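Participant: Pasting the sequence and the predicted model now:
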Amino acid sequence: EMSINYNIPNLSNLKSLLEVSNAVSVVTPTSSHFTIANQALDAGCNVFIEKPITDNLEHAIKLLKKANKKNKIIQVGHIERFNPAFMALKKISPAPKFIEAHRLAPFNPRGNDVPVILDLMIHDLDIILSLVDGKIKDIRANGVKVISNTIDIANVRLEFENGCIANLTSSRISNKEMRKMRLFQEDNYITIDFQKGVLEEYKVCNNKKHKISNNEKMVEINADNKKYILYSKPKIQHHNALREELLHFIYSIKNSSQPETDGYSATKALSLALDIQSIINQ
């Protein structure tokens, strides 16, 4: 049997390591993110932190302020932003009116030190916040502790000021894995499978003369009004999302540019996740 030590590393040894480093990747339990990242910034390191950035808002804000003061980069591991299917979705520039997300996973002892909202749902919260332009008007949420001492399954309904509604379900006690999102907008429906890296789009059109590509097909739905469904499944160039996000981190350091998943967007997602958790705990 192999035992895993989840304790914070010996900080005296870590200090000597950080002194000769330009960048550090913090891939430890969430409860230790702040302590390690804070020391890394003090040592003049750029920091990559696995999601969520920290387990509380105060610590996240302190890291942002210190990184800004020392002119260092914080990138957070919201890896789904580098999923090839999501990158293809961004090219479409969707403006969804309704979003439905399901993120389900079998139980894994790793990660259950935080609620499923911070463990799994935060991926979809970050994605939705990157897609929807507007503030959140209302949050409704419920969740249940089943196996661990924190929430294991949760459902959330977000209402944005621009009218968009997002319905999210996350579970870490499922018998199968699922990472899917569906986006609905006027005359358009998009589905994305993060697990398989697949994007599909259904678009209503009234022009049967549309030139059909190899990745498209047309289906008639209303002969009287000449309405058609144009189905497309873009060909996606698959890549390793973990490798891409780390390359992006290196690129950001070399070019002194703000990462796609910077500390500010990560803190925004964390703030929303903590609001949801607070509502469930009421």
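Facilitator: That came through, no problem.
Participant: rest of the way, CA atoms for contacts and neighbours
Facilitator: Fine.
Participant: quick one: the helices in the stretch 1-150 of the chain?
Facilitator: Secondary structure of the stretch 1-150 of the chain by DSSP state H, counting those that start in this stretch: the helices cover 11-18, 33-42, 57-69, 84-92, 116, 122-131.
Participant: Please convert those helices to TSV, extending it with mean pLDDT, mean neighbour count and distance to Ile279.
Facilitator: Formatted as TSV, the entries for those read as follows, by pLDDT from 0 to 100; neighbours: other C-alpha atoms under 10 Å; distance: least, C-alpha to C-alpha, whole Å:
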stretch	mean pLDDT	mean neighbour count	distance to Ile279
helix 11-18	74	12	36
helix 33-42	95	20	24
helix 57-69	97	16	16
helix 84-92	93	17	29
helix 116	92	26	14
helix 122-131	96	20	15
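Participant: first to last residue in stretch 19-33, what's the distance?
Facilitator: Between the start and the finish of stretch 19-33 there is a gap of 18 Å, counting by C-alpha to C-alpha, to the nearest Å.
Participant: quick one: buried residues of that stretch?
Facilitator: Ala23, Val24, Ser25, Val26, Thr28, Pro29, Thr30, Ser31, Ser32, His33 (16 or more other C-alpha atoms under 10 Å).
Participant: circling back: any idea which of the helices of the stretch 1-150 of the chain gets closest to Ile236?
Facilitator: Judged by C-alpha to C-alpha, the one of these that comes nearest to Ile236 is helix 84-92, at 6.7 Å.
Participant: circling back: dump the helices of the stretch 1-150 of the chain to CSV, plus distance to Leu168.
Facilitator: Below are those laid out as CSV (distance: least, C-alpha to C-alpha, whole Å):
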stretch, distance to Leu168
helix 11-18, 39
helix 33-42, 26
helix 57-69, 22
helix 84-92, 17
helix 116, 12
helix 122-131, 8
